[in-house]
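Asks: Starting from these lines, generate the structure:
(one chain, ligands or ions: 1)
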Amino acid sequence: MTENNIEKLDELNFKKIGIDRIGKIGNYFFSIEDKQDSENELIVSFSFAPNNNKSKLFEYFDKLEENNKITEYSLEKSKVNIIYIENDDETIDNFLNNIVNKINEINGKCICSNCENTENLSFYSNGNVYSLLCEKCGTNVINQFEDDKNKANNYVKGFFASLIGALIGSALWIIIGAFGFFASIAGLAISYCAFKGYGIAKGKLSRKGIILNVIAIIIGFLFAQYAVLFIEFMKEFENMNLLGFIQFTPIIFTDFEFIKSLLPDIGLGILFAFLGTYRTIINNYKSAKNAENIKVEKLDL
Ligand SMILES: [Zn+2]
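Replies: All right, here's what the predicted structure looks like:
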């Protein structure tokens, strides 16, 4: 889009949503975007309610096409798309005003993209996408969106699903650990499975939800470390079984020297768990934060 046209659209109070610029002239709502594969063409769109005189509007477009002002136009369902060729002779506001005059002549109307209503229309947007809706449909969308956001979240169920996921994911850690290795991929498995479990239980990805996942991941990690320790004890002592190990646990964990000997391993384990999980956690945290901030609103144009 030329600087000139951007300026003109700004003057007309058009707003940029994604790659589109949307705005209102008179009673008509337009969206305008750069045609992707073209240097100097714009796609100008508007919604158009069924109209008996639409052929008059199309005759006007035919004339524009003949004069090389537009490349083509089409009507799909109730949406008119025009490929407008930018030129030095006129700015986009002239072009739009001429269209508005023509639509006025045939008493044309925009139409809600969700129902047949042609009155009280506005653009509604959640910041990324937009839609032309009537007051009733717009209010419904806003309420629906807020309801979804405020829906009581079953954190308990989500947490247990996340914990089960983390324990399943810890299996890889235990296997690798049994051979005396650590790997960040095992940490990744724990966090991946935890978030997966949380998602299956339809846990809401809020910041509170992320904290629950992190707790589940830490428990999964501790469980894996404990299991690896058990395997090492089995290798060391012939008669060691799980029950014996569990009974033995309080004794070894109060032995300062023993704890100290574990520290390098635990440190390495935490390092690899961190390397394997922090990306997943950060990414989930970011999308949770975005989701909390998004809201649908009616655009004042
Ligand atoms: Zn509607």
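
Asks: Pull the residues that contact stretch 159-175.
Replies: Outside stretch 159-175, the residues that touch it by C-beta atoms under 8 Å, 6 or more residues apart in numbering are 185-187, 189-198, 200-201, 203, 212-213, 215-217, 219-221, 223-224, 227-228, 231. C-betas here are computed from N, CA, C, even on glycine.

Asks: if you set the cut-off to 7 Å instead, what comes out?
Replies: Contacts to stretch 159-175, defined as C-beta atoms under 7 Å, 6 or more residues apart in numbering, come from residues 186, 189-190, 192-194, 196-198, 200-201, 203, 212-213, 216-217, 219-220, 223-224, 227-228.

Asks: those helices in this protein, which residues are they?
Replies: Using DSSP state H, the helices of the chain run over 3-11, 54-66, 92-105, 135-150, 155-178, 184-200, 207-236, 242-253, 256-293.

Asks: Restrict the shortest one to CA atoms and write it as PDB.
Replies: By that I understand helix 3-11. Taking Å, rounded to 0.1, in the frame of the first residue of the first chain, the C-alpha atoms of helix 3-11 are listed here in PDB:
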ATOM      1  CA  GLU A   3       2.300   5.900   1.900                       C
ATOM      2  CA  ASN A   4      -0.400   8.200   0.500                       C
ATOM      3  CA  ASN A   5      -3.100   5.600   0.800                       C
ATOM      4  CA  ILE A   6      -2.000   4.600   4.300                       C
ATOM      5  CA  GLU A   7      -2.200   8.200   5.400                       C
ATOM      6  CA  LYS A   8      -5.700   8.600   3.800                       C
ATOM      7  CA  LEU A   9      -7.000   5.500   5.600                       C
ATOM      8  CA  ASP A  10      -5.500   6.800   8.900                       C
ATOM      9  CA  GLU A  11      -7.400  10.000   8.300                       C
END
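
Asks: I'd like the numbering to begin with 158 instead of 1 from here.
Replies: That works, and once the first residue is 158, the last one we named lands at helix 160-168.

Asks: how about that helix: buried residues?
Replies: 162, 165-166 (16 or more other C-beta atoms under 10 Å).

Asks: tell me which of those residues is nearest to the ion?
Replies: Leu166 (26.0 Å; C-beta to the ion).

Asks: Touching, that closest one and Ile249? I think so.
Replies: Yes - assessed by C-beta atoms under 7 Å, Leu166 is found in contact with Ile249 at 6.4 Å.

Asks: for stretch 417-427, the distance to its chain's centre please.
Replies: The chain centre lies 38 Å from the centre of stretch 417-427; the measure is C-alpha atoms, centre = their mean, to the nearest Å.

Asks: What are the contacting residues of it?
Replies: The contact list for stretch 417-427, computed with C-beta under 7 Å, 6+ apart, reads 339, 382.

Asks: Repeat that for stretch 370-381.
Replies: Against stretch 370-381 from outside (C-beta under 7 Å, 6+ apart): 316, 319-320, 323-324, 326-327, 330-331, 334, 347-348, 351-352, 355, 430, 434, 438.

Asks: out of those residues, which touch the ion?
Replies: Among the contacts of stretch 370-381, no residue is within reach of the ion (C-beta under 5 Å from the ion).
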